[in-house]
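# starting from these lines, generate the structure:
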Amino acid sequence: MSAPPPALRPLTTPPFPPPPPDRWAPFRFRHFRTRLLLLLLALVGVAQLAAFLVVAEVHEADARREINHDLDIAARQFAKEIERGNGYLARTAEALSGDYAFKQTFARTQDAATLRSALESFKLRARPDLVACLSLDGAVLAETRDGPSAAAYYRPLVTAADNSDSLSATSYGLIDGALYSLTAVPIRAPDVVAWIIVGIRLDQRFIEGLKATSGVEITLRHAGRTLASTVQAPARFNSVVQRLALADGDAAEIVLQFSLDEKLAPARRLERVLEMVGGGSLALAALLSLALARSVSRPVQALAAHTDHVVRGDYMQRIELHSADEFGRLAAAFNRMTAGLADRDRVRELLGKVVSPEIAAQLLRSEAVLGGEEREVTILFSDLRNFTGLSESLVPAQVLALLNRYLDRMSTIVEEHHGVVDKYIGDAIMALFGAPVDDPAAADHALAAALAMNAALGTLNNELAAEGQPQLAVGIGINTAPVVAGNMGSRRRLNYTVIGDGVNVAARLQALTKEPGYQARILISESTLRAARDQYATRALGEVAVRGRAGMVRLFALDAKAASASSRS
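This is a model prediction of the structure:
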């Protein structure tokens with residue numbers, strides 16, 4: 001009994017090349033609901049983050065605006081404090097320069113020790129941090145401090161005072177590593193006979209007092225070095241830097257700072273509340289998004305599962321989605337599609353049992369339209385010898401079983417060698433190579449199939465002999481020629497086949513294998529031997545006249561595939 005026909009080959013074009021590797025594959029998600037959930041969470045999260053950043057930015061801008069306002073007030077307050085201190089020093093210096101006892105002491109002697117004693121007495125009364133006395137030529141006569149002279153600051157200050165209308169001047173000086181505010185006033189007797197310099201030290205105690213009244217941090221710097229500072233720990237500050245010109249031409253800086261973190265503390269508390277509210281709303285959004293994602297992904301998963309059934313060829317499954325939305329309509333369309341595919345496969349399966357799979361595919365592709373095209377093909381005819389007499393010795397059931405057994409084995413060989421069985425004519429087989437699918441090696445495939453069929457018949461005869469059944473003999477004719485290939489027949493019944501003189505030649509060559517003078521089971525034409533690419537062991541049999549054809553055909557007997565050059569004489 002014959003084996004079931006092979007499955008139909010797909011009707012699609014040749015397989016596509018594999019896609020290039022996806023570099024983003026590790027970051028892609030397998031489930032649609034995961035992407036939907038992340039999308040919704042991202043939208044909510046981005047919206048909340050944007051709102052939080054806007055609020056934080058507004059708070060910081062307001063805080064900076066308030067800080068700058070406070071720093072402006074502190075800068076003016078610092079200037080007033082310095083001005084007040086300098087005014088106090090100027091008045092005390094004028095009081096000292098007008099003191100009768102001091103002027104008498106200065107008039108009697110300019111001894112440095114005596115003058116320093118008088119200056120120390122004044123310092124105890126007026127409480128300046130520094131007092132010095134200079135001659136008109138700028139020489140330091142006495143001062144209340146020890147160490148190197150600060151004449152580099154005194155002399156420019158005295159020169160400025162001497163050139164001013166008020167005969168007084170104020171400036172700054174860096175003395176003994178500390179910043180001083182200095183004021184110069186004259187000693188009159190009644191004309192100016194000397195100069196008095198008084199100074200207050202701008203030290204840690206001074207800026208601590210200024211911070212207590214202004215509320216801002218203060219730092220005194222010179223050449224990148226901190227002289228005094230109220231800053232205790234690193235923080236974010238808004239700063240105002242003022243330049244303090246020193247009497248020697250150098251400059252120091254006073255930096256007024258206000259902590260941005262301190263000013264933002266109330267706003268930060270509000271932001272923490274917003275963060276907690278945002279976290280809660282994000283968690284709620286996650287739950288709602290998860291529910292929405294599941295409601296959307298479940299129909300998609302059902303559709304995907306149904307697609308897997310379709311891929312496996314199971315068209316009997318149906319999607320049960322009781323929904324009136326787009327998913328419900330899509331499920332109904334899927335069900336209609338699978339029903340149509342089931343009908344199509346039933347047609348293809350039935351067609352595949354009648355004709356070869358390639359021919360069935362060609363019929364389906366060409367939409368069963370009458371007509372054909374000219375192409376070069378190789379036609380193989382095979383026929384059992386004396387099968388009619390053999391049939392008389394067997395009952396019909398045995399004949400049919402033997403014939404199916406033979407045809408199944410021969411047809412399989414034809415298909416394995418890229419040929420198609422065009423039709424069965426009783427115990428004869430007509431096979432095509434190069435149609436309906438183009439095959440550049442059609443002649444080689446036909447010759448190889450013929451040799452394989454001859455070898456397979458020997459194996460089959462051995463099996464039949466073991467079973468006590470009669471032996472079979474076959475004749476094969478092969479010809480290569482241009483023919484017309486296509487759908488032929490009537491509008492209601494079609495048959496894909498080839499017609500032309502080349503078909504008749506192949507049939508006549510098969511019939512010539514019966515001639516005992518050729519002693520050949522396989523006869524091929526010269527055109528087939530020329531079209532073959534490989535080398536074969538052949539025997540030239542000369543030219544013969546083929547019945548029904550005016551021209552002569554050069555004939556060859558095919559014995560085997562040769563390992564070296566074949567004889568094509």
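
# show me where this structure has its helices.
32-97, 100-108, 112-126, 151-162, 204-214, 260-311, 326-354, 357-365, 387-392, 396-416, 442-466, 501-512, 526-531 (DSSP state H).

# any idea how this protein splits into domains?
58-260, 311-352, 372-561 (automatic domain parsing).

# what about Val310, distance to Arg336?
According to CB to CB, to the nearest Å, Val310 stands 12 Å off from Arg336. Backbone N, C-alpha and C define where each C-beta goes, glycine included.

# swap in Tyr536?
55 Å.

# tell me which of the two has more neighbours.
Just comparing Tyr536 and Arg336: by other CB atoms under 10 Å the higher neighbour count belongs to Tyr536, 21 against 10.

# wait, the more buried one sits on Thr528?
No. Counting by CB atoms under 8 Å, Tyr536 does not reach Thr528; the two are 9.8 Å apart.

# and for these two, which residues touch both?
Leu447 (CB atoms under 8 Å, 6 or more residues apart in numbering).

# confidence-wise, which helix or strand of the protein is lowest on average?
Every helix and strand of the chain was ranked by mean pLDDT, DSSP states H and E. The lowest is helix 357-365, at a mean of 58.

# how about the helices of the chain in CSV, adding distance to Gly475?
Output for the helices of the chain, formatted as CSV (distance: least, CB to CB, whole Å):
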stretch, distance to Gly475
helix 32-97, 64
helix 100-108, 153
helix 112-126, 143
helix 151-162, 131
helix 204-214, 121
helix 260-311, 46
helix 326-354, 26
helix 357-365, 24
helix 387-392, 11
helix 396-416, 13
helix 442-466, 10
helix 501-512, 5
helix 526-531, 16
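
# by mean pLDDT, show me the worst of those helices.
Mean pLDDT is lowest for helix 357-365 out of these, coming in at a mean of 58.

# what helices or strands is the longest strand along the chain leaning on?
When the chain is parsed with DSSP state E, its longest strand is strand 474-489. Judged by 3 or more CB pairs under 8 Å, 6 or more residues apart in numbering; DSSP states H and E, the packing partners of strand 474-489 are strand 371-384, helix 442-466, strand 494-499, helix 501-512, strand 522-525, helix 526-531.

# can I get these in CSV with distance to Gly138?
Listed next are the helices and strands packed on strand 474-489 as CSV, based on distance: least, CB to CB, whole Å:
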stretch, distance to Gly138
strand 371-384, 121
helix 442-466, 121
strand 494-499, 126
helix 501-512, 131
strand 522-525, 132
helix 526-531, 123
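
# contacting residues around Asn163?
No contacts exist for Asn163 under CB under 8 Å, 6+ apart.

# quick one: mean pLDDT over the longest strand of the chain.
Strand 474-489 comes out at a mean pLDDT of 89.

# give me the number of residues near Leu202?
Leu202 - counted by other CB under 10 Å - has 26 other residues nearby.

# quick check: closest non-adjacent residue to it.
Among residues not flanking Leu202 along the chain, Leu179 sits closest, at 4.5 Å (CB to CB, 6 or more residues apart in numbering).

# from Leu288, how far out is that neighbour?
65 Å.

# tell me which of these two has more neighbours.
Leu179 (25 against 12).

# right, and that one touches Leu227 too?
Yes. Between Leu179 and Leu227 there is a contact at 5.5 Å, judged by CB under 8 Å.

# now do the same end-to-end measure for stretch 185-195.
Start-to-end span of stretch 185-195 (CA to CA, to the nearest Å) is 6 Å.

# still on that earlier bit, mean neighbour count and distance to Asp408 for the helices and strands packed on strand 474-489 - can I get that in JSON lines?
JSON lines is the format used below for the helices and strands packed on strand 474-489 (neighbours: other CB atoms under 10 Å; distance: least, CB to CB, whole Å):
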{"stretch": "strand 371-384", "mean neighbour count": "21", "distance to Asp408": "14"}
{"stretch": "helix 442-466", "mean neighbour count": "19", "distance to Asp408": "10"}
{"stretch": "strand 494-499", "mean neighbour count": "20", "distance to Asp408": "21"}
{"stretch": "helix 501-512", "mean neighbour count": "22", "distance to Asp408": "20"}
{"stretch": "strand 522-525", "mean neighbour count": "28", "distance to Asp408": "21"}
{"stretch": "helix 526-531", "mean neighbour count": "20", "distance to Asp408": "26"}
